[in-house]
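> Can you look at this prediction? I've put the sequence above it.
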Amino acid sequence: MPAIPMRATVALIALTASCALPRDANGTLSRVRGGVLRVGVSLNGPWTMRSDSSLTGSEVLLVGELARQLGARPVWRVGPESTLLEALEARELDLVIGGLTGTTPWAGRVALTRPYETVGEQSHVMATSPGENAWLVHVEQFLQTRPRPGGNGE
């Protein structure tokens with residue numbers, strides 16, 4: 001009989017300790033909330049495009065909505081995918097968009113969201129800094145609640 005209360009106590013301690021999970025190594029979610037969301041944009045239509053002096057495209061609109069939800073102001077940095085992903089890895093950016101797919105060679109160096117849209121054989125993702133787990137989970141949850149055109153991105 002004494003083993004059951006001890007197991008329950010251990011389980012309760014473990015459960016309580018995990019309540020603060022997931023965590024960010026550098027506090028991205030806390031910093032972005034009510035602050036600035038630093039977004040790297042690799043131009044790749046129809047996900048990310050430049051129209052006159054502004055950015056447009058389905059992922060630009062999604063990130064704009066994410067920023068509004070967080071009370072954050074997006075700051076956009078346009079550049080080549082490799083340069084932006086290096087900056088993300090160095091934690092100079094919070095998010096990189098541009099029609100990235102789950103097969104990107106950067107998958108081992110940055111954190112990728114779960115696929116949020118599939119077009120043909122390509123599953124589209126966004127990238128966050130490695131170790132920013134609360135931020136990654138927040139972005140994934142946001143993406144999963146968005147309606148998908150045609151149910152599969154078509």
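Ah, there it is. The structure presented is a predicted model; accordingly, all values stated were derived computationally and were not measured. Numbering: from 1, shown residues only.

> got any ranges where the chain has weak pLDDT?
1-21, 147-154 (pLDDT under 70).

> Helices of that one, residue ranges please.
Assigned by DSSP state H, the helices in the chain fall at 3-17, 28-32, 58-70, 81-89, 133-145.

> Can you say which of those is nearest to Asp52?
helix 58-70 (13.6 Å; C-beta to C-beta). For every residue, glycine as well, the C-beta is placed using N, CA and C.

> can you pull the contacts of Thr103?
Applying C-beta atoms under 8 Å, 6 or more residues apart in numbering to Thr103 gives the contacts Gln122.

> likewise Gly120?
Contacts of Gly120 by C-beta under 8 Å, 6+ apart: none found.

> rewinding a little: save the helices of the chain as JSON lines, and put in distance to Glu121 and mean neighbour count too.
Output for the helices of the chain, formatted as JSON lines (distance: least, C-beta to C-beta, whole Å; neighbours: other C-beta atoms under 10 Å):
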{"stretch": "helix 3-17", "distance to Glu121": "41", "mean neighbour count": "9"}
{"stretch": "helix 28-32", "distance to Glu121": "31", "mean neighbour count": "20"}
{"stretch": "helix 58-70", "distance to Glu121": "18", "mean neighbour count": "18"}
{"stretch": "helix 81-89", "distance to Glu121": "19", "mean neighbour count": "19"}
{"stretch": "helix 133-145", "distance to Glu121": "19", "mean neighbour count": "18"}
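
> can you redo those helices as TSV with distance to Arg114?
Putting the helices of the chain into TSV (distance: least, C-beta to C-beta, whole Å) gives the following:
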stretch	distance to Arg114
helix 3-17	25
helix 28-32	17
helix 58-70	14
helix 81-89	17
helix 133-145	5
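
> Which of those helices sits closest to Gly99?
Per C-beta to C-beta, nearest to Gly99 of the helices of the chain: helix 58-70, 7.2 Å.

> for the closest one, packing partners?
Applying 3 or more C-beta pairs under 8 Å, 6 or more residues apart in numbering; DSSP states H and E, we find helix 58-70 packed against strand 36-41, strand 73-78, strand 95-97, helix 133-145.
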